[in-house]
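Participant: With the sequence up front, the predicted model follows.
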Amino acid sequence: MVNDAGGREKLLAFGVRTVPVVAHGEQFVFAQNLEDVAEFVGLQGTGHTLLPPDQLIGKWINVLRALQRYMRQMPEARIEERVIDNRDRSIRVLSHHVFRITEAFLECVVDGIEYSTVLANAEPASGTFTTCDQIVAYGDDVIVRLQRWWDGLAERSCQQKVKTFFGMQPVHMLFERSTWHTAQHARQLIAVLERFGIVPDGRLTPADLAGLPLPEGLWE
């Protein structure tokens with residue numbers, strides 16, 4: 001929708017206000033769960049196998065630690081600039097969001113709050129998280145909480161269901177989605193650093209991202 005001038009109007013015609021959505025005629029499905037999309041378009045599954053939860057937790061924390069490194073490199077004088085020209089989202093807001101994704105996941109699976117884009121996209125209050133150090137410290141907090149959740153799980157298949165805006169879903173699916181969502185934004189912040197002429201500290205490797213269903217495009 002970022003690159004489609006009529007995208008918002010098409011979306012509102014269905015009575016929904018969040019993306020991604022796949023539509024055909026008068027019917028649509030939220031594209032958060034790719035298996036739901038495959039069924040909608042008449043395919044026998046996507047062929048994608050979710051990584052086991054014990055691999056996801058390692059990948060997610062690795063990505064979060066990488067994001068902290070990148071934020072330590074980010075020029076503080078530039079964090080109110082837009083990430084990309086055609087979207088009104090600052091580097092500061094995106095940098096907060098990458099850790100807010102984890103917090104929203106925990107609010108869903110621990111506290112029982114329905115997962116929604118509003119939950120994950122909650123922006124920092126005015127006057128908060130105004131420095132890179134504050135955002136890095138926020139990352140420390142959510143990493144500790146994520147590890148505590150994982151360490152406290154008695155059953156780690158993550159097949160229990162949680163409520164989301166696209167229906168009841170297994171924790172495993174939301175776990176993977178939150179991991180690759182965070183990783184996609186990490187790729188974007190790497191691109192921001194490179195645009196500023198800064199070599200990212202500990203660039204994420206193909207092995208770090210292997211098995212995650214990341215979008216092909218950087219800004220999708």
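Facilitator: All right, it came through fine.
Participant: Quick check on the residue nearest in space to the middle of the chain: phi, psi?
Facilitator: By CA atoms, centre = their mean, the chain has its centre lying nearest to His181, at 2.6 Å. Backbone torsions for His181, taken as degrees, to the nearest 10, come to phi -60, psi -50.
Participant: so who does Leu193 touch?
Facilitator: Tyr70, Gln73, Met74, Val199, Pro200 (CB atoms under 8 Å, 6 or more residues apart in numbering). Backbone N, C-alpha and C define where each C-beta goes, glycine included.
Participant: ok, 6 Å please
Facilitator: Gln73, Pro200 (CB atoms under 6 Å, 6 or more residues apart in numbering).
Participant: any idea how far it lies from Leu67?
Facilitator: 11 Å (CB to CB, to the nearest Å).
Participant: repeat for Ala104
Facilitator: Separation of Ala104 from Leu67 (CB to CB): 16 Å.
Participant: cool, and Tyr115?
Facilitator: Relative to Leu67, and taking CB to CB, Tyr115 is found at 21 Å.
Participant: Could I get the full set of helices for this structure?
Facilitator: 7-13, 34-40, 53-73, 91-109, 117-120, 132-151, 171-195, 206-209 (DSSP state H).
Participant: among the ones you listed, which is nearest Lys163?
Facilitator: helix 91-109 (7.6 Å; CB to CB).
Participant: Since that was my last question, I'll sign off now.
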